[in-house]
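K.L.:
The sequence isn't on hand, but the structure is:
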């Protein structure tokens, strides 16, 4: 058995390892995505007051603390059986919309952009943000940084801190929004809408009008027919902050729609011996191995999945772009993994429009920001859409509100099985007998995975050191016969 | 007036990974100067670039893991120490050096000097609020080193 290693996966929080196994004929026989996941976080939470969860939980992830903060806060609403006030709900969603704008903008320009703007086969030294800026211009680079800064200001202003917000409380939030800050938020939202529309134009010009890229997006090696998951509002429109989880089948038909407290009736987790991370799947379909299709409980929860699972977008400009995408790609659902980048930009526009709506809502500066909980806590579940997928927090406490048990299904975990499928299929389509293993070729496998915007570590940062990628080829006896290093 | 940012980076509930934040907090207790901002961060890359904007001088404090490093070792480093990582690490990683180069290429108001205090970490995978004993013992050393990186403000160090 010949083995090819890509280690570590790049441009992500946390490190993973792709292992590609060739058969004796030099064809890809299997591929594994192994995750050296940090463990023990749930245990770490046991015995702590439930009220601490919005603070502690957001430290599990260096990338989306806001998502964990709000999922935990919503779980506390449920745990203490208290509804947040209308103003509090809107403030939470306003902060969260600003977060989505900055997170999706970062992914498109910094993480995905190099593949599409520079090209997947361009030299590694150019295939990064500096190359992107060199190609699209300094002004756009400044705009990206400005968008991030402005939306971080909104998060800091509403959330009380730049990182790790301190505003989510059971039944509400800790701080109201002043008129001065509302007005500034509105200005930022107007600019965010413009920036999202501009980004969609760039995507259209650079990707959709480039036949080579479009062929890549539509290629069978980047396509899987799976179930799709996403939060929807009462009109089945995409919602990041609240609603029910809707799942559609590979034909796009509603398969289930469940409230957060019903998630265990709908999901199970598969354990495999070669990785720490579990594989969630649809309980009512069952686990039938690493295959796609209607008989496989594997589902995806990504920007594209959210659009597939919904009937549309709740804001007008995003709805226009939604219709445009499905018209261009042959209707719903879209199964092309790389179209996730397009969906992400449509979501960015939705988030910006929603931000604008909320910043103009007369209630947003209201003083009624909290209902005080009075019930004894027992059990609570909170769900939001993290940029990388549906995020579920589930807490069980004793009568004093101390955590007895907690369970998390984080955004990326939803997609773990699907990512494994994606890597295998891409590898099978790209590495054929006699293929010379080049850096660009490996990037074409990696970019399929990158479309999911995976965040494996739910941990933190890395101060730069060498992050080598090594591809080692072994013969059937385990002898190293070839190696490609990126360092 | 020169503005300095003392930035601890890491995850405060991930054992030694949080040592940078621990050191920054201790530095904050020893300094009282409106020209010095003490802050923490949990991300690298662009987040650092944005955090740096508008400051003249940065003291960055972080955990580090080096080949053959001994947990608790404290290093004084400069951004140049990481320049080799710019293109030699992953082509996709927005690393520290790339973020700095991006700031310069965009003409953003970048700091004129950046000092890095790094503490060799032992355990960065266990969720706990304390560091390992070796790294815990290194915190005072790292604090002193970070304080020395704020020479213009040395008169403001509290004697307590």
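P.N.:
Looks like it arrived, so ask away. Keep in mind that this is a model prediction, so the values were computed, not measured. Numbers count the residues shown, from 1 in each chain, chains lettered A, B, ... in the order given.

K.L.:
rest of the way, CA atoms for contacts and neighbours
P.N.:
OK.

K.L.:
and the gap between the residue in the stretch 51-200 of chain A that chain B sits nearest to and residue B:97?
P.N.:
Relative to chain B, the nearest point of the stretch 51-200 of chain A is residue A:124 (4.9 Å; Cα to the nearest Cα). Computed with Cα to Cα, to the nearest Å, the distance linking residue A:124 and residue B:97 is 15 Å.

K.L.:
repeat for residue B:14
P.N.:
Noted for residue B:14: a distance of 25 Å to residue B:97, by Cα to Cα.

K.L.:
Now do the host helix or strand of residue B:60, average pLDDT.
P.N.:
If you go by DSSP states H and E, residue B:60 is part of strand B:57-64. The average pLDDT for strand B:57-64 rounds to 91.

K.L.:
That one near chain A at all?
P.N.:
Yes - using Cα under 8 Å from any Cα of the partner chain, strand B:57-64 reaches chain A at B:62, B:63, B:64.

K.L.:
Quick check: which helices or strands does whichever helix in chain B runs longest pack against?
P.N.:
Longest helix of chain B, by residue count under DSSP state H: helix B:133-148. On a contact count with 3 or more Cα pairs under 8 Å, 6 or more residues apart in numbering or on different chains; DSSP states H and E, helix B:133-148 meets helix B:19-30, strand B:74-77, strand B:113-120.

K.L.:
right, is stretch B:6-19 up against chain A?
P.N.:
Yes - among the residues of stretch B:6-19, B:10, B:11, B:12, B:13, B:14 lie within reach of chain A under Cα under 8 Å from any Cα.

K.L.:
quick one: low-confidence ranges for the chain?
P.N.:
Here I'm looking at chain A. In the predicted model, chain A carries pLDDT under 70 at residues A:1-17, A:34-39, A:61-62, A:455-487.

K.L.:
if you could check chain B rather than the one you did, that'd help
P.N.:
Counting by pLDDT under 70, the low-confidence segments of chain B come to B:82-94, B:151-160.

K.L.:
let's see 80
P.N.:
B:42-45, B:65-68, B:80-97, B:125, B:151-160 (pLDDT under 80).

K.L.:
Show me which positions of the longest helix along chain A end up buried.
P.N.:
For chain A, the longest helix by residue count, based on DSSP H, is helix A:179-203. Buried residues in helix A:179-203, defined by neighbour count with 16 or more other Cα atoms under 10 Å in any protein chain shown: A:181-182, A:184-186, A:188-193, A:195-197, A:199-200, A:203.

K.L.:
for it, the distance to its chain's centre please.
P.N.:
For helix A:179-203, the separation from the chain centroid amounts to 21 Å (computed by Cα atoms, centre = their mean, to the nearest Å).

K.L.:
For the next helix or strand after it, name the packing helices and strands.
P.N.:
Once the chain leaves helix A:179-203, the next helix or strand it forms, by DSSP H and E, is helix A:211-218. Helices and strands touching helix A:211-218, as assessed by 3+ Cα pairs under 8 Å, 6+ apart, are absent.

K.L.:
Give the buried residues for helix A:211-218.
P.N.:
Buried residues in helix A:211-218, counted by 16+ other Cα under 10 Å: A:213, A:216, A:217, A:218.

K.L.:
Throw the residues of strand B:57-64 next to chain A into TSV and include neighbour count, thanks.
P.N.:
As requested, these are exported to TSV (neighbours: other Cα atoms under 10 Å in any protein chain shown):
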residue	neighbour count
B:62	30
B:63	29
B:64	25
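
K.L.:
Mind putting those into JSON lines with distance to residue B:42?
P.N.:
Listed next are those as JSON lines, based on distance: Cα to Cα, whole Å:
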{"residue": "B:62", "distance to residue B:42": "10"}
{"residue": "B:63", "distance to residue B:42": "12"}
{"residue": "B:64", "distance to residue B:42": "14"}
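
K.L.:
and residue A:406, helix, strand or coil?
P.N.:
At residue A:406 the chain is in strand, as set by DSSP: H, G, I helix; E, B strand; the rest coil.

K.L.:
Around chain B, which positions in the stretch 101-250 of chain A sit nearby?
P.N.:
Taking Cα under 8 Å from any Cα as the contact definition, the stretch 101-250 of chain A meets chain B at A:110-111, A:114, A:124-130, A:138-139, A:141-142, A:145, A:149, A:163.

K.L.:
Buried subset of the residues you listed, written for ChimeraX?
P.N.:
Burial among these is assessed by 16+ other Cα under 10 Å; the matching ChimeraX selection reads:
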select /A:110,111,114,124,126,127,128,129,130,138,141,142,145,149,163
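
K.L.:
out of the residues of the stretch 101-250 of chain A next to chain B, which are inside helices?
P.N.:
A:129, A:130, A:138, A:139, A:141, A:142, A:145, A:149.

K.L.:
Redo those residues as JSON lines? Include distance to residue A:390.
P.N.:
Putting those into JSON lines (distance: Cα to Cα, whole Å) gives the following:
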{"residue": "A:129", "distance to residue A:390": "28"}
{"residue": "A:130", "distance to residue A:390": "32"}
{"residue": "A:138", "distance to residue A:390": "35"}
{"residue": "A:139", "distance to residue A:390": "34"}
{"residue": "A:141", "distance to residue A:390": "30"}
{"residue": "A:142", "distance to residue A:390": "31"}
{"residue": "A:145", "distance to residue A:390": "27"}
{"residue": "A:149", "distance to residue A:390": "26"}
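
K.L.:
among the residues you listed, which two are most distant?
P.N.:
A:130 and A:149 (18.7 Å; Cα to Cα).

K.L.:
sec struct for the nearest residue to residue A:170 once chain neighbours are set aside, please.
P.N.:
For residue A:170, ignoring the flanking residues on the chain, the nearest one in space by Cα to Cα, 6 or more residues apart in numbering or on different chains is residue A:77 at 4.6 Å. Here residue A:77 is recorded as helix under three-state DSSP.

K.L.:
how close does residue A:77 get to residue B:52?
P.N.:
Here the criterion is Cα to Cα. By it, residue A:77 lies 37 Å from residue B:52.

K.L.:
could the helices and strands packed on helix B:133-148 go into JSON lines alongside mean neighbour count?
P.N.:
Shown next, in JSON lines, are these (neighbours: other Cα under 10 Å):
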{"stretch": "helix B:19-30", "mean neighbour count": "23"}
{"stretch": "strand B:74-77", "mean neighbour count": "17"}
{"stretch": "strand B:113-120", "mean neighbour count": "21"}
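
K.L.:
would TSV of the ones you listed with distance to residue A:360 be doable?
P.N.:
Formatted as TSV, the helices and strands packed on helix B:133-148 follow (distance: least, Cα to Cα, whole Å):
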stretch	distance to residue A:360
helix B:19-30	38
strand B:74-77	48
strand B:113-120	41
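
K.L.:
right, and these - which one's nearest residue A:350?
P.N.:
Of all those, helix B:19-30 sits nearest to residue A:350, with 35.5 Å by Cα to Cα.

K.L.:
Next, the angle strand B:57-64 makes with the next helix or strand after the closest one.
P.N.:
Next helix or strand after helix B:19-30 toward the C-terminus (DSSP H and E): strand B:36-41. On the basis of axes from the mean of the first three to the mean of the last three Cα atoms, to 10 degrees, strand B:36-41 is oriented at 30 degrees to strand B:57-64.

K.L.:
ok, then the element right after strand B:36-41?
P.N.:
Criterion used, DSSP H and E; the element after strand B:36-41 is helix B:46-52.

K.L.:
about what we covered before: helices or strands up against the longest helix of chain A?
P.N.:
helix A:138-159, helix A:340-359.

K.L.:
Show me what the following helix or strand past the first one is packed up against.
P.N.:
The element immediately downstream of helix A:138-159 (helix or strand, assigned by DSSP H and E) is strand A:168-169. Helices and strands in packing contact with strand A:168-169 are listed as helix A:65-79; criterion 3+ Cα pairs under 8 Å, 6+ apart.
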